[in-house]
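Undergrad: Dropping the sequence and predicted coords here.
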Amino acid sequence: MALTNLNVEMIKKAFVSGANNLSNNKEYINELNVFPVPDGDTGTNMTLTIMTAVAELNSPNVKTIDDVAKAISSGSLRGARGNSGVILSQLFRGFCKEMKGKGELSLDDIASGISHATETAYKAVMRPKEGTILTVARGMAEKADMLLGTEDDILEFLEQIYEYGKEVLDKTPELLPVLKEAGVVDSGGQGLMAVMEGILLSIKGEDVVLNDKAAPSQPQRGAGILEEIPTARPVYNMASGKDDISTADIKYGYCTEFIVMLEKEISDNEVENIKNYLLSIGDSLVCVADDELIKIHVHTDHPGRAFEKGLEYGQLTRCKVDNMREEHSERTFIENEKQKAMEQEAAFKQIKAERNAKKEKYGIVAVAAGDGMCEIFKEIGADYIIQGGQTMNPSTDDILNAIKNINAENIFIFPNNGNIILASEQAAKLCKDKKVYVIPSRNIPQGIGGILAVNKEAEPHDNIDAAKDAMQDIKSGEITFAVRDTSFDGKAIRKNNIMGISDKGIDAVGTEIDQVTKDLVSHLVDEDSGLISLFYGEDVDKEAAEELGDYLSEEYPDLDVDVRFGGQPIYYYIISVE
């Protein structure tokens, strides 16, 4: 018997199955990155995007098709990360518009939804490229239009669309030379096909479930249980200690404190989850919260794990770790604890007070990774720094939260990464009570130059022009390592080779970090250059960075050389030449 309609439960199950199939294949999709760098995150970004929608879809209040459409559209829109995630959210948004007002979805409704999805996604991208997820989506939309009137079974209809989508995906290397040279298909298109496969399997009665052990080297069909996505509330608990205990008797060595600036309201269940997790890795827990902040204190041997738990719910501030075993006595430690608790309480109140301060004319949001980089952006005038960048692109909601936390009439957003620009623009469109401008900085040096060009006495359009002009005068580069064998721009690259990547592509390849850095700088410097800035990452010693800076000063005596600690992950050096 032909399947002619999809009801609410079938749609919900199909969407979750598609999300699970994408999640099961996210590492495989990550590895399709054109550049062989350790920051391939297309699969991760698309998964985080769709799973935010799944979290909203799982609400008990989602009962009708209109509810489903709103949950998928709103959830994916706010959870969108990276360009691939934003485009995926726009595909969902376009399809969901065709769902509204329907009791069930017919074959014609699905065809119209696929067509509208593609139109919406194309409109969201300023200069769409062929050979990407958009090409795959358009191919499936064209196939859906061709099949209208020739099929009356939804399952047969979707199977033909899916098969055609795979054919289009296989052709993406012919449309984008960089894909062909790297020997991969488009990663975003592969992600979209993973969603389509999961939906199709669900309609066949073979729902895909999560498989956390899915191998990254090949496509998977998942097996497991769908994890609940954290949505976001407060808890109080404090263990007491004896006054006189030797340091050898301290069970957990590090007193860990931080404040979480919440991205959204937090549920009682999530509060309990936070509490239970922190007690599983430590004791002496204090967790105090309101609708916007959570203050956490815990004794643990793994401070990083505590911080990671907090990052699930928002941005961290006032982070502090003390080695308790270095204290002379437990009594001394407890007295210090009391003092620090008072200081933290004051800090807690100060953050809230800052939010209600006099509204400024301008506020600046910047995205950066690494303690040093964050400090640099604070020094030059950024009001709110979103911890993120490569491998951890902030979501639309993260950026909206940053906007909300700045009390200013005009907000400038510096994404500092080409893969964060679309999410920033999406956040700007969603913000209704402030004027938000996205300055499309594609890397850290551009962001620094752009912010330095902002004059808080000037008008917004003048500042936008000044920032863009400043960014055009900056050449940038990054030093990292290859994660696989490949070829790019005629260069043979082997796994673990060191690569120097400029705005134009991979300019230098070798086996030594310093030599590749020197080679890349030689590509960036010209007769108009006056300053070389070298930001060294978390895996580079200060002494080694300074020695490299001394070499550059000797090699380019007419240029100033500035060496700063960036602390960024993945990239040994970030280079700016201006």
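TA: Received the coordinates, thanks.
Undergrad: neighbours around the nearest residue to residue 188 once chain neighbours are set aside, how many?
TA: The spatial neighbour of residue 188 that comes closest, neighbours along the chain excluded (C-beta to C-beta, 6 or more residues apart in numbering), is residue 133 at 3.3 Å. In short, each C-beta sits where N, CA and C put it, glycine included. Residue 133 is flanked by 28 other residues according to other C-beta atoms under 10 Å.
Undergrad: Go ahead and confirm residue 133 touches residue 89.
TA: No - with contact defined as C-beta atoms under 8 Å, residue 133 and residue 89 do not form a contacting pair (11.7 Å).
Undergrad: before we move on, the earlier item: next, give phi and psi for the residue nearest to residue 188.
TA: Its backbone dihedrals place residue 133 at phi -60, psi -30, with angles given as degrees, to the nearest 10.
Undergrad: What of residue 535?
TA: Summarising the backbone geometry of residue 535 under the convention degrees, to the nearest 10, its torsions are phi -110, psi 110.
Undergrad: so how far is residue 119 from the residue nearest to it when sequence neighbours are not counted?
TA: In space, not counting the residues next to it along the chain, residue 535 is nearest to residue 566; the distance is 3.5 Å by C-beta to C-beta, 6+ apart. Here the distance between residue 566 and residue 119 works out to 41 Å (C-beta to C-beta, to the nearest Å).
Undergrad: Between those two, point out the one with more neighbours.
TA: Applying other C-beta under 10 Å to residue 566 and residue 119 shows that residue 566 carries more neighbours, namely 27 against 17.
Undergrad: OK, contacts around the more buried one?
TA: The contact partners of residue 566, taken as C-beta atoms under 8 Å, 6 or more residues apart in numbering, are 370, 372-373, 376, 444, 535-537, 574.
Undergrad: change it to 6 Å
TA: Residues counted as contacts of residue 566 (C-beta atoms under 6 Å, 6 or more residues apart in numbering) are 370, 372-373, 535, 537, 574.
Undergrad: Could you measure from it over to residue 461?
TA: The span separating residue 566 from residue 461 equals 31 Å under the rule C-beta to C-beta.
Undergrad: C-terminal to the helix or strand of the chain with the lowest mean pLDDT, what's the next element?
TA: The least trusted helix or strand in the chain, going by mean pLDDT, DSSP states H and E, turns out to be helix 330-355, with a mean of 54. Using DSSP states H and E, the helix or strand that directly follows helix 330-355 along the chain is strand 360-368.
Undergrad: buried ones in that following strand?
TA: Neighbour-count burial for strand 360-368, with 16 or more other C-beta atoms under 10 Å as criterion, is recorded at 362-368.
Undergrad: Which strands or helices does that strand pack on?
TA: Based on contacts counted as 3 or more C-beta pairs under 6 Å, 6 or more residues apart in numbering; DSSP states H and E, the elements that strand 360-368 packs against are helix 371-379, strand 384-387, strand 408-414.
Undergrad: partners of it, with directions?
TA: strand 384-387 (parallel), strand 408-414 (parallel) (DSSP bridges).
Undergrad: Report pLDDT for residue 175.
TA: Residue-level confidence at residue 175 comes out at 91, pLDDT.
Undergrad: what phi and what psi does the backbone show at residue 438?
TA: Recorded main-chain torsions at residue 438 are phi -100, psi 120, according to degrees, to the nearest 10.
Undergrad: Relative to residue 429, how far out is it?
TA: 10 Å.
Undergrad: More neighbours: which of those two?
TA: Neighbours per residue, other C-beta under 10 Å: of residue 438 and residue 429, the larger number sits with residue 438, 23 against 13.
Undergrad: if I pick the more buried one, what's in contact with it?
TA: By C-beta under 6 Å, 6+ apart, the neighbours of residue 438 are 413, 424-425, 428.
Undergrad: how does it look with 10 Å?
TA: Taking C-beta atoms under 10 Å, 6 or more residues apart in numbering, we find residue 438 in contact with 365, 399, 411-415, 420-429, 464.
Undergrad: Same question for residue 123.
TA: Under the criterion of C-beta under 10 Å, 6+ apart, the contact partners of residue 123 comprise 90, 94.
Undergrad: does it belong to a helix or a strand, and which?
TA: Using DSSP H and E, residue 123 sits in helix 107-124.
Undergrad: For that helix, buried residues please.
TA: Within helix 107-124, the residues that qualify as buried are 107, 109-122, 124, counting by 16+ other C-beta under 10 Å.
Undergrad: residues shared between the contacts of residue 133 and residue 89?
TA: By the contact definition C-beta under 10 Å, 6+ apart, residue 133 and residue 89 are jointly contacted by 46, 121.
Undergrad: Could you list the low-confidence segments of this protein?
TA: Low-confidence segments of the chain, defined by pLDDT under 70: 34-40, 212-250, 286-291, 324-358, 390-391.
Undergrad: mind putting the buried residues of strand 360-368 in CSV, distance to residue 385 included?
TA: Formatted as CSV, the buried residues of strand 360-368 follow (distance: C-beta to C-beta, whole Å):
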residue, distance to residue 385
362, 16
363, 12
364, 9
365, 8
366, 5
367, 7
368, 6
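Undergrad: ok, of those residues, which one's closest to residue 322?
TA: Comparing these against residue 322 with C-beta to C-beta picks out residue 368 as the nearest, at 25.7 Å.
Undergrad: can you pull up the bridge partners for that closest one?
TA: Partner residues in beta bridges with residue 368, using DSSP bridges, are residue 387.
Undergrad: Ok, residue 322 next?
TA: In beta-bridge terms (that is, DSSP bridges), residue 322 pairs with residue 255.
Undergrad: May I have the distance across stretch 447-461, first residue to last?
TA: The straight-line separation of the ends of stretch 447-461 (C-alpha to C-alpha, to the nearest Å) is 17 Å.
Undergrad: and if you look at stretch 446-460?
TA: For stretch 446-460, the separation between the terminal residues is 18 Å (C-alpha to C-alpha).
Undergrad: buried ones in it?
TA: For stretch 446-460, the neighbour count (16+ other C-beta under 10 Å) marks 446-451, 453-454, 460 as buried.
Undergrad: Which two of those residues have the greatest separation?
TA: The two members of those with the most space between them (C-beta to C-beta) are 448 and 460, at 20.0 Å.
Undergrad: From residue 369, how far out is the spatially most central residue of the chain?
TA: Nearest residue to the geometric centre of the chain (C-alpha atoms, centre = their mean): residue 393, 1.8 Å. Distance of residue 393 to residue 369, given as C-beta to C-beta: 10 Å.
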